[in-house]
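Enquirer: Got a predicted structure plus its sequence, pasted below:
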Amino acid sequence: MNFRKTTPASKGQQRTPPVLINRFLEWYCRPELLDEIQGDAFELYYREVKDNRLKANLKFTWNVIRFFRWRNIRKQKPPGLNYSTAMLQNIFKVAVRNFFRQPGHSLLNVAGLTVSFLAAILIGLWVFHEKSFDRFHPDADRIFKVMSHVDANGSIETYAAARSNINLAAIPDVAAKAVVITGTRWPNELCFRPENQPNDCIYLFGIFSEPSFFSIFNFPILKGDTNPLANPTNIAISESMAATLFGDADPLGKIIKIDDHFAVTVASVFQDVPENSSLQFEFVVPTQVFARMRGLSDDYFSKEFQAVYFKTNTDISQGELTAKLNEPDILTEDLKQDKVSYSAFPLTETRLHSQFVNGKNTGGRIQYVNLFIMVAVLVVVMAVINFINLSTARATNRSKEIGIRKVTGAYRSSIILQFVGESLLVVILAIALALLFVQLLLPAFNNLIGESLSVKLFHPSVLAWIILFAFLVAMAAGLYPAWIMSAFQPSKVLKGQAVTATSGAQHLRKALLVVQVSISVGIIIFTGVLFEQLSFIREKNLGLDSKNILHVEPTYKMLQQYEAMKAELLTHPEIKSITATNADLVDLTIQTTGVSWPGMPAGMNAAFKVLGANYEVAETFGLELVEGRFLESRPADSVNTEVVVTESAISKMQLEDPVGTILKIGNSPCVIIGVVKDFHTSSLKQEQLPVIIYAHSILQCSRLYIKYQAGTTPQAMATIHEVYKKFEPAFTMKYDFVDEAFGKMYKTENTASIMLVFFTGIALLIAIIGVIGLATYNVLKRKKEIGIKRVFGATTLQILGNLWKEFVLLIAIASVITVPVTWYGSRQWLNEFAYRINMPEWIYVTTILSILGMTMLLIALQGLKTIRTNPTSVLQHE
Amino acid sequence: MKGTYIGELEELVLLTVGILYPDAYGVAVMDELDKQAGRSLNISAVHAVLSRLEEKGLLKSSMSAPTDERGGRRKRIFTLTASGKRTLEEAQALRTQMYNQIPRIALQFHQLTFTI
């Protein structure tokens, strides 16, 4: 006889233990233990309750909690989870049939998910690639470089360099140090002649470094000397460089003449540098060669600022290293007087966190990485929302099936399993399709963003991630619809009563649509702002004319024959002018605080950019003269070097009558002979700095600029090539266009904008799918209503208006949410630029209006179909 | 031997079950422990020890008839098994044996310190 559910004896009738707690006990307790446990608990309760009811209740509760132990908890699984293979087969079969029964619906679902997965996978590949930079060094976390921060009157400039002879040995934690000289031009880009082809020239990039280079970094040496840089006449070359120069022959011991002059011996061959290395090079040459090539004494070289890398042998933190770098035995007195301070910067952050503003690290590329991670998550969320909306909207169609399943004994849990399983199938299908598309689109995508990403699909960890991802998305997308559908009452659905989706489900659908529209509107607006700013940059007046100018790398021989070459070039009508400088005009990095002028306040530390140039520079670049005259062609003044300065330089120096003023750059006296309008010498992210252009000996120039007639690019190129061959038959001309070089400064931004457009398209597509899905459902649901309205004489427009009302409201809510968020985000991004557009309000308005218009159009297309059908056929149904 | 080794609390519970024969069940054991040894345990802890001892084969149990005072629930009545009884005897013997090995001087130690 079982007494379990009987009430306690009469005397304690109103004194029963707390019902909920007791129910909890009955729920968790193993049935075979329940009697004794509950009995003991009750006994104690009745004993206690005579004195104090509250205390008894609390004690009872406490006991029940204490009894909640592993050995007392029921272990048996609920009966619904015993699945037979037959049932799983049936579920699978039904899933496949349903998929093909409503091809449109299924296609929308799969397409939405596929597109979003495609976007997520592409972004994922890119993000992994970006984050993998420099991680291939086994001790990547122990490699640092030294940064210098120079205080120039309040604004701090940061350089990835330190004095070459920096005494890092003073820090016991530093195991090794190496100067690494990188660059994109001579002397890092050199002409190499393949064996047996002495008149051919292959330009390759390399670096100069010190002996410990190969012990700090993990660039495995395949053949030859493991420490090639110890000998100042050695060179180490990459595998592919060896193949290019020497073919199948053994490269070791071969002599290479750098600049056709300095002979070095190939001592080692190293493995090609991986793409995800921030140091990219084909060869490594000892720094002594660098000093010789530039004609510097070793002593002079040791005082120059160069990139300095070092590796620690302890897990010392970045902060501690920075503190040690600024101790007096490393940061010498003269540097301190120049307001220089050092800091340590991890190698692994070079790629993504290399931006410094005013001495503080402000991130850099990582902002774009984070932006795209966000875009990927949002796009997947949007697709999942679509899936949920479409599934719940279509739930009615499956109600009879669910009813029958329940009547024949299905548990709710097995129905949930069925629907989650179905969504898992769809998700897997979508992932498979997405991977296929990734394979197809990857070359184009790589081309677009200028990277070379690849999918290592069969790598176990990649597979594991994909499976986990599929499972999570299927859960997120399938669980809610499964929950709703499994709750149908069989008695109702089988009698043919329409399943009215709960108001909760309807509210959820609307809320999800709002989220979706907010996301897509936000992404579109942000992309718009980005594009506006980038085109603003492209079209901004830089103060100099960078169009139709070719930059040519001269050889020393050409510089010696400069005048002759110039004369030769100018005989051709398409060549307008030619000049030479010692630095890149549109990305001028030579900057000095060593300028002094009459009346300069003591202790002032003003930064100027300086450019050494031949006299034609103003003509070639179209600089505008304000006062005085330009540089002229005549022998250099033996006393004072002539300089032309920009207006902002004059205002910085506060000179009343600038022309004729003598100023000093370092120790050299210079006389101002002219003032020109300001021009930009760097990316528009940075403030314009005052510029001083000084007359420079032609032999010390390193860049030729040739201006040609607009629209004659092919002829001009031919002419220039011809003249080049005439003066330098043994070299291949190296050149680029100045305006393109200027554009390259915004490479990250341009890549980002291209990717954003791509993903904006995807976001838009998914939003359209969402709207179509929901609109279809809405119209379907209101078929009879529309029929009745038509019978009572409503016009098409009135009915459409009725359908529109709801969506317009949702879009309005979405706009209210998304506008401030996007505004803030774009403001933050724009603040990166010293020269930026005002917030373009029109983009906000147009985007919202077009989304609104598009939605209304989609609804109208769906609605018109129903409105046009004869109302009798709609109403006659049943 | 593993399995016959028992802890101090287990030993106390075993003793209590013996004392309460033939009416040893959860609450009774808990009360007796409180009364005799001054140990106030939570009822769930007593249950845990009892079932552990049963698993070790030192106790056996059977369900009683339902009683009113427990809201109609039955009791699980525990009794010592033969091996339970033997374990108690062994523990007792071991203690006595070891106690007897203690040098008298050690037991008088505190007295010695007094007298010196």
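Expert: Sure, I can see it. Numbers count the residues shown, from 1 in each chain, chains lettered A, B, ... in the order given.
Enquirer: Can you tell me, leaving aside adjacent residues, what's nearest to the residue nearest in space to the middle of chain A?
Expert: Taking CA atoms, centre = their mean as the criterion, A:Val369 is the residue nearest the geometric centre of chain A, at 2.6 Å. Distances taken as CB to CB, 6 or more residues apart in numbering or on different chains place A:Glu130 nearest to A:Val369, at 5.3 Å, with adjacent residues excluded. Every residue, glycine included, has its C-beta placed from N, CA and C.
Enquirer: What's the local residue count around that neighbour?
Expert: A:Glu130 has 17 neighbours, counted by other CB atoms under 10 Å in any protein chain shown.
Enquirer: tell me the contacts of it?
Expert: By CB atoms under 8 Å, 6 or more residues apart in numbering or on different chains, the residues touching A:Glu130 are A:Arg351, A:Leu352, A:Arg365, A:Val369.
Enquirer: so when I look at the last one, I'm seeing a strand, right?
Expert: So that's A:Val369. No - assessed with DSSP: H, G, I helix; E, B strand; the rest coil, A:Val369 is helix; it does not lie in a strand.
Enquirer: number of nearby residues for A:Asp798?
Expert: Residue A:798: Gln, not Asp. 11.
Enquirer: for chain B, where's the lowest mean pLDDT among helices and strands?
Expert: helix B:109-115 (a mean of 49; mean pLDDT, DSSP states H and E).
Enquirer: about what we covered before: show the pLDDT at the residue nearest to the centre of chain A.
Expert: Looking at A:Val369, its pLDDT stands at 87.
Enquirer: And for the one 5 residues further on?
Expert: Among the per-residue scores, A:Met374 holds a pLDDT of 87.
Enquirer: Check which helices and strands the helix or strand hosting it is in contact with.
Expert: Using DSSP states H and E, A:Met374 sits within helix A:366-393. Contact partners of helix A:366-393 among helices and strands, from 3 or more CB pairs under 8 Å, 6 or more residues apart in numbering or on different chains; DSSP states H and E: helix A:103-131, helix A:412-449, helix A:460-486, helix A:503-539, helix A:747-781.
Enquirer: Recalculate using a threshold of 10 Å.
Expert: Using 3 or more CB pairs under 10 Å, 6 or more residues apart in numbering or on different chains; DSSP states H and E, the elements in contact with helix A:366-393 are helix A:103-131, helix A:412-449, helix A:460-486, helix A:503-539, helix A:747-781, helix A:796-830.
Enquirer: Kindly report the domain assignment for chain A.
Expert: Domain ranges of chain A: A:10-72, A:140-350, A:367-536+A:747-876, A:554-733, per automatic domain parsing.
Enquirer: Pull out the buried positions in the longest helix along chain B.
Expert: When chain B is parsed with DSSP state H, its longest helix is helix B:82-101. By neighbour count on 16 or more other CB atoms under 10 Å in any protein chain shown, the buried set for helix B:82-101 is B:Gly84, B:Thr87, B:Leu88, B:Ala91.
Enquirer: Please apply the same query to stretch A:802-816.
Expert: Buried residues in stretch A:802-816, defined by neighbour count with 16+ other CB under 10 Å: A:Leu803, A:Trp804, A:Phe807, A:Leu810, A:Ile811, A:Ile813, A:Ala814, A:Ser815.
Enquirer: do the same with stretch A:577-591
Expert: Those would be A:Ser577, A:Ile578, A:Thr579, A:Ala580, A:Thr581, A:Asn582, A:Ala583, A:Asp584, A:Leu585, A:Val586, A:Leu588, A:Gln591, for stretch A:577-591 by 16+ other CB under 10 Å.
Enquirer: so what's B:Val46 scoring on pLDDT?
Expert: We have a pLDDT of 92 for B:Val46.
Enquirer: rewinding a little: looking just at contacts, which helices and strands does the helix or strand just after the helix holding A:Met374 meet?
Expert: Counting by DSSP H and E, the element after helix A:366-393 in chain order, helix or strand, is helix A:399-407. On a contact count with 3+ CB pairs under 10 Å, 6+ apart, helix A:399-407 meets helix A:85-101, helix A:412-449, helix A:460-486, helix A:490-494.
Enquirer: List the neighbours of helix A:399-407 that are in contact with it.
Expert: Helix A:399-407 has contacts (CB atoms under 10 Å, 6 or more residues apart in numbering or on different chains) with A:87, A:90-91, A:94, A:98, A:395, A:398, A:410-412, A:414-415, A:418-419, A:485-499.
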